[in-house]
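Trainee: sequence and predicted structure, then a few things I'm wondering about:
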Amino acid sequence: MFSDMDLDRNPTQVLNELRTHASVELQEYFRNFEDLHERKLWHQLTLKIEELFANPASRDFQIPLFQHFISDWENKMNKLKLVTLGLSAAKQFDDQTAALSFLTSLVQKVDTPQTQDAYVHAVMETAYMKLLLRDLEGTKAAMDECEKILEKFDSVETVIHASFYRVCADFYKAKAEYAEYYKNALLYLACVQLEDLTLEDKVDRALDLAISALMGDTIYNFGELLMHPILETLTNTPHEWLKTLLFVFNAGDIGKFEALQPHFAKQPLLQEAISFLQQKICLMSLIEAVFKRNSDNRTIPFENIAAETRLPLGEVEYLIMKALSLKLIRGSIDQVSEVVVVTWVQPRVLDRDQIDGMRQRLQEWDENVKNTALLVENETPELFVQ
């Protein structure tokens with residue numbers, strides 16, 4: 001709408017030029033800007049510009065305002081606010097290469113030792129634009145640089161951490177590195193309020209998290225995701241079966257897993273990884289079989305594991321070795337007797353049935369303690385003389 005020639009003027013002329021193109025609703029903003037600028041009320045002027053930028057009707061004015069008005073007094077503005085306004089303006093570019101150039105200049109404005117928080121925010125959002133342009137190396141370099149800077153901060157605005165983790169998650173999604181995506185996406189959600197996200201964004205995040213949890217070759221504890229309210233956004237959607245599938249994996253329920261397999265065609269990634277998912281559900285089933293046993297009854301015959309996992313007896317030892325290598329369990333294998341002695345099992349989030357099973361085991365343990373105490377008292381009464 002506006003050319004550089006039209007706006008290559010002093011701040012007052014810029015505002016007058018923009019006001020002539022503005023709706024009646026927006027014209028008052030430009031009058032206020034002129035007044036606050038003349039009075040050098042920089043904080044109030046910043047707040048008023050933020051108010052305008054929050055108005056969807058301001059989209060056509062954000063780039064010229066930033067480049068030809070805000071740039072005149074940007075050294076008076078809080079640098080994190082400067083970056084936030086710049087990021088809003090960058091979204092208005094139709095051309096991603098032009099947006100990247102704009103963001104690169106924004107990074108330079110806040111590259112000082114005193115404004116490293118704003119610098120990280122600007123660098124990470126610039127990295128996101130590079131990611132959109134498929135510059136993975138540039139994105140990763142920015143991630144590594146910002147990670148080192150963030151490690152030096154005692155505290156920083158959550159919006160900066162949110163930006164860092166969001167871009168990292170999107171990078172690992174592009175690389176199909178599921179475990180890293182899962183970790184960074186959950187850290188991102190810890191930095192934002194869910195109500196600030198659009199429903200579409202929440203559903204997309206929940207969907208990506210569900211797939212990454214299932215596809216991650218080191219993810220065997222879905223607890224944080226199962227407890228996160230974002231998973232509820234899949235309810236009453238075509239993706240609700242994925243939410244059910246996560247709980248099926250958590251319970252190690254092979255029967256329900258097989259019942260849900262017809263849905264896998266809806267997600268080609270899962271369909272292509274069916275062999276991996278079958279092994280993963282068997283490992284989860286093994287964990288569940290161990291967990292259901294009392295701690296003094298964890299010498300498990302291979303044939304019992306074969307029955308629980310529905311595997312041929314000859315494949316059980318490999319499954320146990322896989323579980324040991326992934327540190328899902330600790331213990332030892334007796335190949336002669338064909339048993340595994342488990343001394344530890346990975347902690348996990350429990351559903352209602354699993355909690356009830358634990359309650360029953362605690363009741364049994366309580367009874368055993370009482371019986372042992374009575375036995376000791378009867379056998380050695382002299383120890384209990386009042």
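Mentor: On my side now, so go ahead. Numbers count the residues shown, from 1 in each chain.
Trainee: mind checking the backbone torsions on residue 301?
Mentor: For residue 301, the backbone dihedrals are phi -70, psi 150 (criterion: degrees, to the nearest 10).
Trainee: doesn't residue 341 make contact with it?
Mentor: No - Residue 301 is not in contact with residue 341 according to CB atoms under 8 Å; the separation is 11.0 Å. No exception for glycine: its C-beta is placed from N, CA and C like everyone else's.
Trainee: pLDDT weak spots in this structure?
Mentor: Per-residue confidence for the chain (pLDDT under 70) gives these ranges: 1-9, 349-358, 361, 381-386.
Trainee: now do the longest helix seen in it: which elements does it pack against?
Mentor: Longest helix of the chain, by residue count under DSSP state H: helix 352-379. Packing contacts for helix 352-379, counted by 3 or more CB pairs under 8 Å, 6 or more residues apart in numbering; DSSP states H and E, involve no helix or strand.
Trainee: the stretch 201-350 of the chain: strands as residue ranges?
Mentor: Remark: strands of the stretch 201-350 of the chain, listed N- to C-terminal, are 299-301, 329-334, 339-345; assignment by DSSP state E, counting those that start in this stretch.
Trainee: point out the most buried one among those strands.
Mentor: The highest mean neighbour count among those belongs to strand 339-345 (a mean of 18), with neighbours defined as mean count of other CB atoms under 10 Å.
Trainee: need the residues that contact it.
Mentor: With CB atoms under 8 Å, 6 or more residues apart in numbering as the test, strand 339-345 has contacts from 287, 290-291, 298-302, 305, 320, 328-334.
Trainee: residues in contact with stretch 59-71?
Mentor: Contacts made with stretch 59-71 from outside it, assessed by CB under 8 Å, 6+ apart, are listed as 1-2, 7-9, 11, 14-15, 18, 21-22, 26, 33, 49, 52-53, 77, 82, 85-86, 88-89, 92-93, 102.
Trainee: if we use 7 Å, what do you get?
Mentor: Outside of stretch 59-71, the residues within contact range by CB atoms under 7 Å, 6 or more residues apart in numbering are 1-2, 7, 11, 14-15, 18, 22, 49, 53, 85-86, 88-89, 92.
Trainee: just the element for the spatially most central residue of the chain, please.
Mentor: For the chain, the residue lying nearest the average C-alpha position, counting by CA atoms, centre = their mean, turns out to be residue 185 (1.5 Å). Under DSSP states H and E, the secondary-structure element containing residue 185 is helix 178-190.
Trainee: got the buried residues for that helix?
Mentor: For helix 178-190, the neighbour count (16 or more other CB atoms under 10 Å) marks 178, 180-189 as buried.
Trainee: residues touching it, excluding its own?
Mentor: The contact list for helix 178-190 (CB under 7 Å, 6+ apart) reads 162, 165-166, 168-169, 172-173, 205, 208-209, 212-213, 215-216, 218-219, 224-225, 228, 230.
Trainee: hang on, the earlier thing: closest to residue 107 among the contacts of stretch 59-71?
Mentor: Nearest to residue 107 out of these is residue 86 (CB to CB; 9.4 Å).
Trainee: shouldn't that closest one be within a helix?
Mentor: Yes - according to DSSP: H, G, I helix; E, B strand; the rest coil, the state of residue 86 is that of a helix.
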